[in-house]
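Undergrad: Return atomic coordinates for the entry below.
(4 chains)
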Number of protein chains: 2
Amino acid sequence: MTPPIERSAVLDDVSKAIVEQLQEDGRRSYAEIGKAVGLSETATRQRVQKLQEAGVLQIVAVTDPLQLGFARQAMIGVRVSGDTRVVAGAMSEIPGVTYVVSTAGSFDLLVEIVCESDDDLIDVLNDRIRSLPDVVSTETFVYLKLHRQLYNWGTR
Amino acid sequence: MTPPIERSAVLDDVSKAIVEQLQEDGRRSYAEIGKAVGLSETATRQRVQKLQEAGVLQIVAVTDPLQLGFARQAMIGVRVSGDTRVVAGAMSEIPGVTYVVSTAGSFDLLVEIVCESDDDLIDVLNDRIRSLPDVVSTETFVYLKLHRQLYNWGTR
DNA sequence: AGTGAAACGACCGTAGA
DNA sequence: TCTACGGTCGTTTCACT
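TA: You can find the predicted model right below:
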């Protein structure tokens, strides 16, 4: 007898509803959220706290780079010789690097960069990324328009 | 005479400090933030409100896909014939698509997907992405490990 | 755009089912 | 793990600089 397939039991329906509320407004009061999901203020607060401690949920301020004067964004595909983890660690330390992920495919790493101008982008690419020992080659994809950016998936 | 170069005057130093506080904890009280940046609670709240209305700042819950049972993530490089904007719009509607950006380079679009399994990934890729009229070809980069993810850049 | 004060509401610990 | 409750603190409005 095989056990029934268990679907991500991390969040029950009530917690999902709570998270949805917080995705709309991260500062919504626990009392209001509780009213919406049918729970007391205390219980709501306890659930949110547990989710945060478990690292499932975090409530943070998110800013728009364009509005802060960072007009240039790009994704860099990187091919690496040797340990990708070491290179990934080095990449993560570079100012303006907002995203580093190891991948399977024709790139070993994908690295997202945010900067003020084309000149900054060239500087970072040459001085900080391509100059790293194990970086074999890179390919740059300059952002033209961000169409969609979701910080969450899986709650609705 | 040329005017002096103006550096993103959207945020003065005080507002930057406020945003930094909220990046650490999106629910930190305005009173506490005000104390840290040397402003009254009211003034602090007014500044945050203005930033939110201007779309510079938003305070939201961010969840970890892995902990919610979405074990498979991938970036898809897409080559498109015709209007990339139309294709980008169609991509944005696909469930599990968390990121869509138009790029200059050997891909026209970069699309990030979050799903539960390899089977789901194959389904989305074939049934939803590669089946779109103007999609010429795709290249998939399956995520092995997310090293760094910043939701902000430019405040510190 | 900022402060300060007063009324209100949210937050947070504790107690108990 | 939930509800109930009271003390404390944060939020909100308003009058004013």
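Undergrad: which neighbours does the longest strand along chain A have in its sheet, and in what orientation?
TA: Ranked by residue count, the top strand of chain A under DSSP state E comes out as strand A:135-149. Strand pairing for strand A:135-149, determined by DSSP bridges: strand A:72-80 (antiparallel), strand B:97-104 (antiparallel).
Undergrad: May I have the phi/psi pair for the closest residue to residue A:64 other than its chain neighbours?
TA: Excluding its sequence neighbours, the residue lying closest to residue A:64 (C-beta to C-beta, 6 or more residues apart in numbering or on different chains) is residue B:56, at 5.7 Å. For every residue, glycine as well, the C-beta is placed using N, CA and C. Residue B:56 has phi and psi values of phi -80, psi -30 when expressed as degrees, to the nearest 10.
Undergrad: OK, contacts around residue B:56?
TA: For residue B:56, the contact set (C-beta atoms under 8 Å, 6 or more residues apart in numbering or on different chains) comprises A:63-64, A:67-68, B:10-11.
Undergrad: again, but for residue A:91
TA: Taking C-beta under 8 Å, 6+ apart, we find residue A:91 in contact with A:78, A:97, A:100, A:109, A:111, A:129, A:132, B:147-148.
Undergrad: Repeat the analysis, applying 6 Å as the threshold.
TA: Counting by C-beta atoms under 6 Å, 6 or more residues apart in numbering or on different chains, residue A:91 touches A:97, A:100, A:111.
Undergrad: Which residue ranges of chain A form helices?
TA: A:13-24, A:30-37, A:41-53, A:84-92, A:118-123 (DSSP state H).
Undergrad: which parts of chain A sit against DNA strand D?
TA: Counting by C-beta under 7 Å from any atom of the strand, chain A comes close to DNA strand D at A:14, A:38-43, A:46-47.
Undergrad: Quick check: of those, which has the highest neighbour count?
TA: residue A:47 (22 neighbours; other C-beta atoms under 10 Å in any protein chain shown).
Undergrad: Look up the pLDDT of it for me, please.
TA: With respect to pLDDT, residue A:47 scores 96.
Undergrad: And for stretch A:75-87, what's in contact with it?
TA: So stretch A:75-87 is in contact with A:102, A:107-109, A:111-112, A:134, A:136-141, B:110, going by C-beta under 6 Å, 6+ apart.
Undergrad: Pull out the buried members of those.
TA: A:102, A:107-109, A:111-112, A:138, A:140-141, B:110 (16 or more other C-beta atoms under 10 Å in any protein chain shown).
Undergrad: what's the most distant pair in those?
TA: Farthest-apart pair in those is A:102 and A:140; separation 18.5 Å (C-beta to C-beta).
Undergrad: Reformat the helices of chain A as a markdown table; add distance to residue B:23.
TA: Converted to a markdown table, those look like this (distance: least, C-beta to C-beta, whole Å):
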| stretch | distance to residue B:23 |
| --- | --- |
| helix A:13-24 | 16 |
| helix A:30-37 | 22 |
| helix A:41-53 | 15 |
| helix A:84-92 | 17 |
| helix A:118-123 | 22 |
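Undergrad: wait, which of these is closest to residue B:72?
TA: helix A:84-92 (19.0 Å).
Undergrad: Show me which positions of the closest one end up buried.
TA: For helix A:84-92, by 16+ other C-beta under 10 Å, it's A:84, A:87-88, A:90-92.
Undergrad: before we move on, back to that, which one of the contacts of residue B:56 is nearest to residue A:122?
TA: For the contacts of residue B:56, the nearest to residue A:122 is residue A:68 (20.5 Å; C-beta to C-beta).
Undergrad: Is stretch A:14-25 positioned near chain B?
TA: Yes. Residues of stretch A:14-25 are located near chain B by C-beta under 6 Å from any C-beta of the partner chain, namely A:19, A:22-23.
Undergrad: would you turn the strands paired with strand A:135-149 into JSON lines with distance to residue B:117?
TA: JSON lines is the format used below for the strands paired with strand A:135-149 (distance: least, C-beta to C-beta, whole Å):
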{"stretch": "strand A:72-80", "distance to residue B:117": "25"}
{"stretch": "strand B:97-104", "distance to residue B:117": "16"}
